[in-house]
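Chemist: model the following, please.
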Amino acid sequence: MKQDVKKLIIAKNIGFCFGVTKAVNLARKLLDKEKKLLCLGDLVHNAVVMDELKNKGFCVIKDTKSVKNAPFIIRSHGLPPSVLKEIKNSNVPIFDATCSFVKKVQNLVKTFAEKNFFIFLVGDSQHPEIQALKEIAGKNCLIISPYNPKVNKKITHKQCAIIAQTTLSSEMYKSAIKKIVEKFPDKDIEILNTICPVSIKRQQEAKNLAKNTDLFLVVGGKKSSNTKKLFIIGKNINNNTYQIEKLSDLENIEIEKFNKIGIISGASTDINFINILINNLKHTGYKKITRRK
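Modeler: Just a heads-up that it's a prediction; the model follows:
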């Protein structure tokens, strides 16, 4: 009897997104010239990538007081205006690696704030992107958790806007929108589609892969918001869904039990690491198949 070929189904959308590519390439270029490069928080939410940069002289600092005697790079998630102002006062060279799509959303929030709209920000209150957007929005703003979208606030504004964190899942955003609209039926609410197109494509592909594989691996950092959303999507469909941040994470999975493995990655996962993971699995008898659609 012919034995079934063990398959690795690789997502079409893997590796760095355009925003992370810009940030990491800029950091690498600067580190080739400079002995030290400062950043407030991680440049991107991926431990493997950050370890590589740190080995070259990248320094993650905790506050603006530490900005001195070296160039500074703005992380891909952006910074609150007040923090950026403090850094500019430090008189060090500043390089902006903010994702262009995040900047677009920042400008959108600023526009609605200037029009005196009340702004609902749907996202993680601890995420740097949301923290920056909150400051730009000003006092007429409320952060809504995507995991438990409750609205316990009286709003006097007639006009409101709902804006999502760029890495949010579409389902979470729809759920939050429904709760807000039901809570304020008398308001004029403008709903903005601010989820990154890259995130949407990967979420759609994650659903398909999780549904059609025995084991679904989501490759990316534990701190990565978009990776976490892909994992949640996969886990809701396929109980054999695991997040892989480093190769040793595979040791917790009985790989040999599965005939068809699906692999997708978060937007801050280096393609080199993904290829190492794939080659590791190929050596155990799996054949790589790349999705075309």
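Chemist: please pull out the lowest mean pLDDT helix or strand from this structure.
Modeler: The weakest-scoring helix or strand in the chain, judged by mean pLDDT, DSSP states H and E, is strand 286-290 (a mean of 81).
Chemist: each with direction, which strands does it pair with?
Modeler: Neighbouring strands of strand 286-290 in its sheet, by DSSP bridges, are strand 6-10 (parallel).
Chemist: keeping just the C-alphas, turn the helix or strand just after the strand it pairs with into CSV.
Modeler: Scanning forward in sequence from strand 6-10 by DSSP states H and E, the next helix or strand is helix 18-33. Extracted C-alpha coordinates of helix 18-33, given in CSV (Å, rounded to 0.1, in the frame of the first residue of the first chain):
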residue,chain,number,x,y,z
PHE,A,18,6.0,46.2,4.2
GLY,A,19,6.1,48.2,7.4
VAL,A,20,8.3,45.8,9.3
THR,A,21,10.6,45.4,6.3
LYS,A,22,11.1,49.2,6.2
ALA,A,23,11.8,49.3,10.0
VAL,A,24,14.2,46.4,10.1
ASN,A,25,16.1,47.3,6.9
LEU,A,26,16.6,50.9,8.2
ALA,A,27,17.8,49.6,11.6
ARG,A,28,20.3,47.2,9.9
LYS,A,29,21.6,50.0,7.6
LEU,A,30,22.1,52.3,10.5
LEU,A,31,23.8,49.7,12.6
ASP,A,32,26.3,49.0,9.8
LYS,A,33,27.4,52.7,10.3
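Chemist: any weak-confidence spans in the stretch 151-293 of the chain?
Modeler: Judged by pLDDT under 70, the stretch 151-293 of the chain has its weakly predicted residues at 290-293.
Chemist: where along it do the strands fall?
Modeler: Assigned by DSSP state E, counting those that start in this stretch, the stretch 151-293 of the chain shows strands spanning 159-164, 188-191, 215-219, 241-244, 260-265, 286-290.
Chemist: against residue 152, how distant is residue 226?
Modeler: 28 Å (C-beta to C-beta, to the nearest Å). C-beta coordinates here come from the backbone N, C-alpha and C atoms, glycine included.
Chemist: an error on my part: the question was meant for residue 229.
Modeler: Applying C-beta to C-beta, the value for residue 229 to residue 152 is 25 Å.
Chemist: more crowded one of the two?
Modeler: Of the pair residue 229 and residue 152, residue 229 is the one with more neighbours under other C-beta atoms under 10 Å, namely 25 against 6.
Chemist: any idea how far residue 207 is from that one?
Modeler: Distance check for residue 229 against residue 207: by C-beta to C-beta, it reads 11 Å.
Chemist: check residue 224 too.
Modeler: Here the criterion is C-beta to C-beta. By it, residue 224 lies 19 Å from residue 207.
Chemist: looking at these two, which one has more neighbours?
Modeler: Counted by other C-beta under 10 Å, residue 224 and residue 207 do not tie: residue 224 has more neighbours, with 26 against 17.
Chemist: show the contacting residues for the closest residue to residue 93 other than its chain neighbours.
Modeler: Distance criterion C-beta to C-beta, 6 or more residues apart in numbering; nearest residue to residue 93, sequence neighbours excluded, is residue 71 at 4.3 Å. Contact partners of residue 71, counting by C-beta atoms under 8 Å, 6 or more residues apart in numbering, are 30, 34, 36, 37, 38, 92, 93, 94, 95.
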